[in-house]
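Q: generate a structure from the sequence data that follows.
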Amino acid sequence: MDWIIFLPIIIALVMYFTGIPIAYALMFGTLVFFGFIDTTSVPYLLMQKFITSTQSFPFLAIPFFIMAGSIMNYSGMSSKLMAFADVLTGHMKGGLAQINILLSMLMGGCSGSANADAAMECKMLVPEMEVRGYGKGFSAAITAASSCVTPIIPPGINLIVYGLIAGASVGKLFAAGYLPGFVMVVTLMIAVSLISRKRGYVPSREKRATAGEIGRQALDSLWALLFPLGIIMGMRIGLFTPTEAGGVGVLYCILVGKFIYKGLKKEHFIPIFKETISGTCTVMLIIVAASLFGYYLNWENIPNMLLRAVEGIAHNKILILLVMNVVLLLAGMFLEGGAALIILAPLMVPLVKAAGIDLVHFGIIVNVNIMIGGLTPPFGSMMFTCVAITKCQMGEFIREVIPFIIALLIALLLITYIEPITLIFPNLIYGT
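A: Next up is the predicted model:
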């Protein structure tokens, strides 16, 4: 086999690891291939591919959901979710750490971004955790670990991107995310409880909230809590498509933030638009670059080569999923989550189809894997986000995050090999 056909992959990885954004690395690798290695393709086809890869109506969901998350942060809906998390878990050992985890689960319906959630909680919760005696390394580690849950709970942006790449139902992916996200939350809470008992971390509340307190806070936070549920049910009963759901979500957040919680002000709209434009441009540039890179991969039939290689070492679904998990975890350690998803999903989807693995189930597995990878050295994005904001020493963070990585790996194994965890809700809502 001529090694030269793999040169674009080598170029893209080398450029990425030297600090060049993944979108530019992918595009440059593709241009080198079609410009100097295989010149049989007409140049204008690349430009055509570049333009047509953006011409997809479902892509409109991305800016809408990014904007909805930004509005929720500025309008005070996020603080309502934090108050609700406090009445549920504040009485437990390591109360603020438990709140941190539950807030990330609730934030899944807001930001859908692990890094956005990690940054917000670093500013909101970590200073208070330090005041109450939690170590800086532990506070940063649990914040980074809990942020892994956020993109799994709908409407996570990565779920939309995977659905578009794999041709899977975005509605089913949204429905599939709830129970796996809950499993991740439970494993993290158990880890926090064990560590807190050993170190004597105290609850944030003196006693368990009464049913009345929980009910009152649930009522106060109801409009924020209804957002993800309303999105799922609206798509299920046919009120709107996943793309239209984003627009409905933006309108809902504006109305709730302005007229019910009254936290949304006119001066907030400029930063909201800036965050939306910046986030959308970043995601779309990576998608376009990955589309070009996928054109090169398919041109050289590399997905089929990978399929034959995997079939050579794994002959059943259990082993194939194990190999996929290892590859995804390793990729997540070196690539940013969105980049890993966009590069690897087109390669793996044909293998998954051939093995008879459900695409919705695999979509959740992919996202859990790359989130865990984002927590681990050497290039985990949530790790760098939390270390930079909290000014925590890297060595201290790594020591503290190990138990949480183990907890999430346990959750990953459960999600991978107990298929109903992922598929029970999509089957109930959409039918088998």
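Q: secondary structure element for the nearest residue to residue 60 once chain neighbours are set aside?
A: Using CB to CB, 6 or more residues apart in numbering and skipping residues adjacent in sequence, the residue nearest residue 60 is residue 243, 4.8 Å away. (C-beta placed from N, C-alpha, C; glycine too.) Here residue 243, judged by DSSP states H and E, is contained in helix 242-255.
Q: report the mean confidence score over stretch 253-269.
A: Here the mean pLDDT over stretch 253-269 is 89, rounded to a whole number.
Q: next: stretch 302-317.
A: Along stretch 302-317, the predicted local confidence has a mean pLDDT of 67.
Q: what of stretch 277-288?
A: Stretch 277-288 shows an average pLDDT of 75 in the prediction.
Q: picking that back up, pull out the buried residues from the helix holding residue 243.
A: By neighbour count on 16 or more other CB atoms under 10 Å, the buried set for helix 242-255 is 242, 243, 244, 245, 246, 247, 248, 249, 250, 252, 253, 254.
Q: farthest pair within these?
A: Within these, two members stand farthest from each other by CB to CB: 242 and 254, at 19.6 Å.
Q: re earlier: from the buried residues of helix 242-255, which one has the minimum pLDDT?
A: residue 242 (64).
Q: how much space between the residue nearest to residue 60 and residue 39?
A: To residue 39, residue 243 is 38 Å away according to CB to CB, to the nearest Å.
Q: repeat for residue 175
A: 47 Å.
Q: those two: which is more packed in?
A: Set side by side, residue 175 and residue 39 show unequal neighbour counts under other CB atoms under 10 Å, the larger going to residue 175 at 25 against 10.
Q: checking that one next. Helix, strand or coil?
A: For residue 175, the assignment made with DSSP: H, G, I helix; E, B strand; the rest coil gives helix.
Q: hmm, who's touching stretch 203-221?
A: For stretch 203-221, the surrounding residues in contact (CB atoms under 8 Å, 6 or more residues apart in numbering) are 80-81, 83-84, 86-88, 90-96, 99, 132, 225.
Q: pull out the buried residues from it.
A: 203, 204, 205, 209, 217, 221.
Q: would CSV of those with distance to residue 231 be doable?
A: Shown next, in CSV, are the buried residues of stretch 203-221 (distance: CB to CB, whole Å):
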residue, distance to residue 231
203, 33
204, 30
205, 31
209, 28
217, 22
221, 17
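Q: and of those residues, the nearest to residue 384?
A: Closest approach between the buried residues of stretch 203-221 and residue 384, by CB to CB: residue 204, at 27.7 Å.
Q: please pick the buried ones from the contacts of stretch 203-221.
A: Restricting the contacts of stretch 203-221 to buried positions leaves 80-81, 83-84, 86-88, 90-96, 99, 225, with burial counted as 16+ other CB under 10 Å.
Q: now, which of those lie within helices?
A: 80, 81, 83, 84, 86, 87, 88, 95, 96, 99, 225 (DSSP state H).
Q: got a list of what the fourth one touches?
A: So that's residue 84. Applying CB under 8 Å, 6+ apart, we find residue 84 in contact with 106, 217, 218, 220, 221, 224, 225.
Q: from those, which has minimum pLDDT?
A: Checked by pLDDT, the contacts of residue 84 have residue 106 as the lowest-scoring entry (73).
Q: can you pull out the helices in the stretch 251-400 of the chain?
A: Counting by DSSP state H, counting those that start in this stretch, residue ranges of the helices within the stretch 251-400 of the chain are 269-299, 302-313, 317-334, 337-355, 359-373, 381-390, 394-417.
Q: need those helices in a markdown table (columns: distance to residue 169).
A: Written out in a markdown table, the entries for those read as follows (distance: least, CB to CB, whole Å):
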| stretch | distance to residue 169 |
| --- | --- |
| helix 269-299 | 19 |
| helix 302-313 | 22 |
| helix 317-334 | 21 |
| helix 337-355 | 14 |
| helix 359-373 | 7 |
| helix 381-390 | 28 |
| helix 394-417 | 18 |
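Q: relative to residue 193, which of those is closest?
A: Within the helices of the stretch 251-400 of the chain, the stretch nearest residue 193 is helix 394-417; the backing value is 10.8 Å (CB to CB).
Q: what about stretch 274-283, distance to the chain center?
A: Between the mean C-alpha location of stretch 274-283 and the chain-wide mean there is a distance of 16 Å, by CA atoms, centre = their mean, to the nearest Å.
Q: buried sites along that stretch?
A: Within stretch 274-283, the residues that qualify as buried by neighbour count (16+ other CB under 10 Å) are 275, 276, 279, 280, 283.
Q: just the closest of these to residue 183, please.
A: Nearest to residue 183 out of those is residue 283 (CB to CB; 27.0 Å).
Q: lowest average confidence, helix or strand, in this structure?
A: helix 302-313 (a mean of 66; mean pLDDT, DSSP states H and E).
Q: for residue 27, which non-adjacent residue is spatially closest?
A: In space, residue 27 is closest to residue 289, 4.7 Å off (CB to CB, 6+ apart).
Q: so what's the one you found up against?
A: Going by CB under 8 Å, 6+ apart, residue 289 touches 22, 23, 24, 26, 27, 30.
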